[in-house]
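S.K.: What shape does this take:
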Amino acid sequence: MEAKEDASVSLHHTDSNDVVTKEINIPNDSYNLAYTIYFILGTGFLLPWNVFITAVDYFNYLYPDRSVDRIFAVVYQSVSLLCLLLIIFGFRKFRAYVRINVGFGLYLVALVVVPLMDLFYNKGRSGLHDGFYVTVGVVGLSGVANVLVQGGVIGSVAELPRRYMQAVVSGTSASGVLVSFMRIFTKAVFPQDIHGLRNSAILYFIVAILFMTLCFCLYNVVRQLPVVKHHNKLRNEQKLNQEEFSSYTSIWNVIQTIKWYGFGITLIYIVTLSIFPGSVTEDVHSAVLKDWYAILLITCYNVFDLIGKSLTAVYLLDNTNIALGACFARFLFYPLYLGCLHGPQIFRTEIPVASLTSLLGITTGYFASVLMILAPKTVQLQCSETAGILMVLFLTLGLVIGSSLSWFWVL
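M.R.: The predicted model follows:
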C-alpha cells in the first residue's frame, strides 16, 4: 500500500450531476498508521461475537438442551437490526465518536459478565437455565454495542478514501481467523473436559476484553491523525444544512441511490448465515477428524473470507451488474450443501465439504467487500456516513434473515 493518498479515490466525488470535488495536498498516512488502526478496529468490533460463537463447546456443555449457535445468532442479529433502525431514524444526532466510545464500553460489560458468572455462579455445572438467560442477555447487549461501534466506524470511514473501508472490512474477517486459531490452540493444549472447556472460554473472553481496551484507545488516536482530520474537515466544509441532511427525505434519497448495493449485500449474508455456522458446525461429520472437523471447517471459512476481502486491495470490481449477478449465483450453495449432507457418499467426505466451505468464505468476503467499498462513493460526501450506516443495516438484515433460515436445516 502506498502511504500517500491517491487523490482520485479520496474525492467524494459524485452526485446526480456527476460533480467532482478536487482535492490536493492530502496529508500522508505515515507508515500506513491510519490504515492499520482501521484494520484493527474492524477486527475488534466483530471479536466479541466471534468469541461467543467460538466458545460454543463450553456453552453446549453448560446448556446441552439448547441450540446455542442458532439462538445466539438470532438474538444478536435481531437486536442489532432493531438498534440500527433506532440510530438511523432517531439517534443519528449523536456524533459517531460518542456512539463508538459508548459501544466499546458496552462490549467490555458484556464480555466481563461471562467469566464472572462462570467463577461465581455456574462453576462448571451443567443445566443452570438462569445462567443461559443471562448469557443470551449479554449476547443481546453485544448486539447493541456492535451497532454503535460498527455503524459508527463504517459510517465514519465511508467519508474517507476507499482503502480505509477495505481495511475495516478486511479486519472483520481477521477477527474470525484470530478466534479460530485461538480455538485450535486451546483444543490442542487443554484437556477436552469441563475444566479444559472452562479455561478455553475464559481465555477467549480475557483476550477479547484486552482487545476491546486496545480498540478504545486506538480509535481515539486515529481521530487525531492528519489524514483523518483532513477528510473530516473536507466533509464539514461541504456539509449541507443539518436539518435537510437529517430529514427522512434525505435518508430515503440515499436508500434509492444505494439500494442495489444494499440488496446485493443482503443476499450475500442470507445465503452465508443460513448455512454457516449452523449447518457446518452441527450437520456434517467426519469419522477421521471427529470433533476437530467443525473447528477446521470454521477456520477454512474464516481464512478464505479474509482472503476474499483482502483481494479488493489488489483488484476492486467496479461493475455493479457483475457483482449483483454473483450475489444471485451464490444461491447455488444450497443444492451443493444439500448434496454434501444427503447426496452420494463421495460428496459427503471431508475434501468436498471443506472446498465448498472455503468457496463460501472467499465469495462472501470478496463481494461483500466490493459492495461495502463502492456504495458510499455513489452519493455526495455529506451523505457518505448515512450510506455507510445504511449498508450496515442491509448487511444486518441479511444476517437476521440468514440466521432465521438456518433453522430449516434441522426441520
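
S.K.: in stretch 334-342, what's buried?
M.R.: Judged by neighbour count (16 or more other CB atoms under 10 Å), stretch 334-342 contains these buried residues: 336, 337, 339, 340. (Each C-beta comes from the backbone N, C-alpha and C, glycine too.)

S.K.: Those residues in helices, which ones?
M.R.: Judged by DSSP state H, the subset of the buried residues of stretch 334-342 located in helices is 336, 337, 339, 340.

S.K.: Please tabulate those residues in TSV, including the columns pLDDT.
M.R.: TSV is the format used below for those (pLDDT from 0 to 100):
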residue	pLDDT
336	89
337	85
339	84
340	78
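
S.K.: so can I have JSON lines of those showing distance to residue 159?
M.R.: Supplementary listing: those in JSON lines, determined by distance: CB to CB, whole Å:
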{"residue": "336", "distance to residue 159": "39"}
{"residue": "337", "distance to residue 159": "39"}
{"residue": "339", "distance to residue 159": "45"}
{"residue": "340", "distance to residue 159": "43"}
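
S.K.: how about residue 365, what does it touch?
M.R.: For residue 365, the contacting residues are 173, 304, 305, 306, 307, 308, 309, 310, 311, by CB atoms under 8 Å, 6 or more residues apart in numbering.

S.K.: Show me the residues you listed that map onto strands.
M.R.: Counting by DSSP state E, none of the members of those fall within strands.

S.K.: Not counting its neighbours along the chain, what's nearest residue 97?
M.R.: On the basis of CB to CB, 6 or more residues apart in numbering, the spatially nearest residue to residue 97 that is not a chain neighbour turns out to be residue 223, at 6.3 Å.

S.K.: make that residue 348, sorry
M.R.: Here the nearest residue to residue 348 in space, its sequence neighbours aside, is residue 340; by CB to CB, 6+ apart that works out to 5.7 Å.

S.K.: OK, contacts around that neighbour?
M.R.: With contact taken as CB under 8 Å, 6+ apart, residue 340 is in contact with 284, 347, 348, 352, 353, 356.

S.K.: what does residue 130 give?
M.R.: When contacts are taken as CB under 8 Å, 6+ apart, residue 130 is in contact with residue 121.

S.K.: rerun that using 7 Å as the cut-off
M.R.: Going by CB atoms under 7 Å, 6 or more residues apart in numbering, residue 130 touches no other residue.

S.K.: Same question for residue 78.
M.R.: Under the criterion of CB under 7 Å, 6+ apart, the contact list for residue 78 reads residue 400.

S.K.: and what of residue 358?
M.R.: Residues near residue 358 by CB under 7 Å, 6+ apart: 300, 304.

S.K.: From the chain's centroid, how far away is the strand or helix carrying it?
M.R.: Applying DSSP states H and E as the criterion places residue 358 in helix 350-374. Relative to the mean C-alpha coordinate of its chain, helix 350-374 is positioned 14 Å out (CA atoms, centre = their mean, to the nearest Å).

S.K.: Just the buried residues of that helix, please?
M.R.: Neighbour counts using 16+ other CB under 10 Å place 350, 353-354, 356-374 of helix 350-374 among the buried residues.

S.K.: Now do that helix, average pLDDT.
M.R.: Mean pLDDT, helix 350-374: 94.

S.K.: Next SSE downstream of that helix?
M.R.: Read in the C-terminal direction, the helix or strand following helix 350-374 is helix 384-405, with elements assigned using DSSP H and E.

S.K.: Run through the stretch 51-200 of the chain and note the low-pLDDT ranges.
M.R.: Residues of the stretch 51-200 of the chain meeting the criterion pLDDT under 70: 91-93.

S.K.: which helices and strands sit right next to the host helix or strand of residue 170?
M.R.: Here residue 170 sits within helix 162-189, counting by DSSP H and E. For helix 162-189, the contact count by 3 or more CB pairs under 7 Å, 6 or more residues apart in numbering; DSSP states H and E identifies helix 33-54, helix 129-157, helix 194-222, helix 292-311, helix 350-374 as packing neighbours.

S.K.: Mean neighbour count, the ones you listed: which tops it?
M.R.: The highest average neighbour count among the helices and strands packed on helix 162-189, using mean count of other CB atoms under 10 Å, belongs to helix 33-54 at a mean of 24.

S.K.: what about dumping the CA coordinates of the following helix or strand past it to PDB?
M.R.: Elements were assigned by DSSP H and E; along the chain past helix 33-54, the next helix or strand is helix 56-62. Output in PDB follows, covering the C-alpha atoms of helix 56-62 (Å, rounded to 0.1, in the frame of the first residue of the first chain):
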ATOM      1  CA  VAL A  56     -19.800 -23.000  21.700                       C
ATOM      2  CA  ASP A  57     -18.300 -26.200  23.200                       C
ATOM      3  CA  TYR A  58     -18.300 -24.600  26.600                       C
ATOM      4  CA  PHE A  59     -21.900 -23.300  26.200                       C
ATOM      5  CA  ASN A  60     -23.100 -26.500  24.800                       C
ATOM      6  CA  TYR A  61     -21.800 -28.300  27.800                       C
ATOM      7  CA  LEU A  62     -23.500 -25.900  30.200                       C
END
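
S.K.: Specify the next element, helix or strand, located C-terminal of helix 56-62.
M.R.: With elements assigned by DSSP H and E, the helix or strand that comes after helix 56-62 is helix 68-86.

S.K.: Could I get the pLDDT score of the closest residue in space to residue 158 that isn't next to it in sequence?
M.R.: For residue 158, ignoring the flanking residues on the chain, the nearest one in space by CB to CB, 6+ apart is residue 388 at 3.1 Å. Per-residue confidence at residue 388 stands at 93 (pLDDT).

S.K.: And for residue 8?
M.R.: pLDDT, residue 8: 37.

S.K.: three-state assignment of residue 318?
M.R.: Three-state assignment for residue 318 (DSSP: H, G, I helix; E, B strand; the rest coil): coil.

S.K.: OK, contacts around the spatially closest residue to residue 169 that is not a sequence neighbour?
M.R.: Using CB to CB, 6+ apart and skipping residues adjacent in sequence, the residue nearest residue 169 is residue 369, 4.7 Å away. Residue 369 makes contact with 166, 169, 308, 309, 312 under the criterion CB under 7 Å, 6+ apart.
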